[in-house]
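Trainee: got a predicted structure here, sequence first:
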Amino acid sequence: MCANYTVAHKSCISTKGVLLVMEVLLVLIGAAADRLFGGRLRSSRVSVTLVGDPPYSRLANYFFPDVSHPSELKHDLHGSTSRDAYGCSYRSWVNANHGAPLHMTAFELVIQCVGDHNVVLVGGRAVSTVIGNLRGVSVVHPSGGPIESDRLEINLENGELLCIPYSAPFEPTEPIPLQYQIEPSRAESFHVYASVGSEALSWYLELDFVIDGKRITKTVTQSKEAPFVTVPFDHPGIVAEYQQTEAGWVRV
């Protein structure tokens, strides 16, 4: 009787030990799976969409690489193509010739919570690389005016991203904390303005979210994961600057 009890007791201890080991393994497997798949799953709970088509520029000023005169570019604008610097035909011409915005890249982001989840935008930054051996021409148009919307401003020299609320034209405005709750099945729209300093940069944007209590980062690029390119007005690789007129290209 005593012997049978001892055997049964040992068997019970052995079973508990196996169960404990299995629980530990399940926890470890769960943690590993969360590292491998949890971030990807949480990332799918928020959608970040870039609105529009390249070139992404607020103003109609562009840099064209590897040419010394605009006439060397494809599809001369002084033929049948529209010369409206803000029209679709002009922007398509710029994009076909690999034009990059001068001084500032601008675009609109739409961020949407997919499904019923807790999504908060909490920060972001630009990650940039200096472009060396860059030579070409710039094409500029008289343009300007205030920005009349809430916006995200990026200093590409240090990657800093600031959230600037709308104010009356030309009135100074202090940045506010970047803390946006993205409501379930709703979307938030942000205008993004990224400016360079003294160097031409290739760059992409990182946005930080807290999704269902976990922090994740999403990367924003142009289509097909191509980085943005922004060139300063006074870049030393600009060999000449031109304006478009009815008579043709005029050097300025």
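Mentor: Great, that's in hand. Numbers count the residues shown, from 1 in each chain.

Trainee: secondary structure element for K218?
Mentor: Using DSSP states H and E, K218 falls within strand 214-220.

Trainee: tell me the first helix or strand C-terminal of that strand.
Mentor: Assigned by DSSP H and E, the successor of strand 214-220 is strand 228-230.

Trainee: what strands flank that next one, and is each parallel or antiparallel?
Mentor: Strand 228-230 has the following sheet partners, assigned by DSSP bridges: strand 201-211 (antiparallel).

Trainee: mean confidence score for the strand it pairs with?
Mentor: Average pLDDT, strand 201-211: 97.

Trainee: can you check what angle separates the strand holding K218 from strand 201-211?
Mentor: 150 degrees (axes from the mean of the first three to the mean of the last three CA atoms, to 10 degrees).

Trainee: residues contacting T129?
Mentor: 201-203, 227 (CB atoms under 8 Å, 6 or more residues apart in numbering). (Each C-beta comes from the backbone N, C-alpha and C, glycine too.)

Trainee: between which two of the residues you listed is the distance greatest?
Mentor: Maximum pairwise distance in the contacts of T129, criterion CB to CB, is 9.0 Å, between L201 and P227.

Trainee: which of those two has more neighbours?
Mentor: Ranked by neighbour count (other CB atoms under 10 Å), L201 and P227 place L201 first, with 23 against 16.

Trainee: quick check: bridge partners of the residue lying closest to that one once chain neighbours are set aside?
Mentor: Spatially, and ignoring its direct neighbours in sequence, L201 is nearest to S128 (4.3 Å; CB to CB, 6 or more residues apart in numbering). Assessed by DSSP bridges, S128 has beta-bridge partners W203.

Trainee: thinking S128 is in contact with W203, fair?
Mentor: Yes - in this structure, S128 is within contact of W203 by CB atoms under 8 Å, at 3.7 Å.
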